[in-house]
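Novice: I'll drop the sequence and a predicted model, then ask my questions.
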Amino acid sequence: MKLDRALQRELLELLAVEYPNTRECVFTPELSDEVNERRIANLLYLEEHGLVESGLRSYMDGNYASTGSRITARGLDFLADDGGMSAILGTVTVKLHDDTIRSLMELTIEKSDLPPPEKKKWTDALRSLPADAIKHLTMKLLGMGLDHTPDAIHAMRTFLFP
């Protein structure tokens, strides 16, 4: 197989040093045709994943010409220990307002096997709590849920693989 992870990393690192400029990564006189073919295959593979702009152009006779290769921002982020800007920009923040959390808790109370008068008492008490108390209760419930990880895994399995 022509694909080679060590060579791909080497190519990315060579291009990272030259960023934002291009660099010739193939067709150097000291390289054999076999080595050039492996480099072409790996550069094209990296390009297909958006990590480099290979600068390679293919011709009908199966030969390639190169205008020089360049690493992309995604390629630089791939090399970065912290994931680079992609990690920062790809972060998803989920915000639940106290009203949403309160509604979820009320739903849990309604689904419980408590007698109806108790359900009303609990729901009324929940509705009277200020937002800070809801936040505190949510953190407690989340902690309790994490303490029951096997139950959570079972619930996820049921949801993901019905």
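Specialist: Arrived safely, thanks for sending.
Novice: going forward, measure contacts between C-alpha atoms and count neighbours the same way
Specialist: OK.
Novice: How is the protein partitioned into domains?
Specialist: Partitioning the chain according to automatic domain parsing yields domains covering residues 5-89, 98-160.
Novice: Pull the distance from the shortest one to the chain's centre.
Specialist: Meaning domain 98-160. 29 Å (Cα atoms, centre = their mean, to the nearest Å).
Novice: What's the mean pLDDT across it?
Specialist: For domain 98-160, the per-residue pLDDT values average out at 85.
Novice: Give me the distance between the two termini of that domain.
Specialist: 28 Å (Cα to Cα, to the nearest Å).
Novice: try stretch 64-79
Specialist: OK, stretch 64-79 end separation, Cα to Cα: 27 Å.
Novice: Mind listing residues that contact stretch 87-96?
Specialist: The contact list for stretch 87-96 (Cα atoms under 8 Å, 6 or more residues apart in numbering) is empty.
Novice: Extract the C-alpha trace of that stretch and format it as CSV.
Specialist: Only the C-alpha atoms of stretch 87-96 are listed here, as CSV (Å, rounded to 0.1, in the frame of the first residue of the first chain):
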residue,chain,number,x,y,z
ALA,A,87,-10.6,22.6,18.7
ILE,A,88,-11.7,26.1,19.9
LEU,A,89,-14.1,26.8,17.0
GLY,A,90,-15.5,23.3,17.1
THR,A,91,-16.5,23.5,20.8
VAL,A,92,-20.2,23.2,21.3
THR,A,93,-21.8,25.0,24.3
VAL,A,94,-25.2,23.8,25.5
LYS,A,95,-27.2,26.2,27.6
LEU,A,96,-30.3,25.2,29.4
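Novice: so how far is that stretch from its chain's centroid?
Specialist: 11 Å.
Novice: if we can go back for a sec, okay, the domains of the chain, which one's buried deepest?
Specialist: For these, ranked by mean neighbour count under the definition mean count of other Cα atoms under 10 Å, the leader is domain 5-89 at a mean of 16.
Novice: so where do the helices sit in this protein?
Specialist: Ranges of helices in the chain, per DSSP state H, are 5-18, 33-48, 73-79, 84-89, 98-111, 116-128, 131-147, 149-160.
Novice: what is the rounded mean pLDDT of the fourth one?
Specialist: Meaning helix 84-89. On average, helix 84-89 scores 82.
Novice: Could you shift the numbering so residue one becomes 758, and keep it that way?
Specialist: Okay, using 758 as the starting number, the last item reads as helix 841-846.
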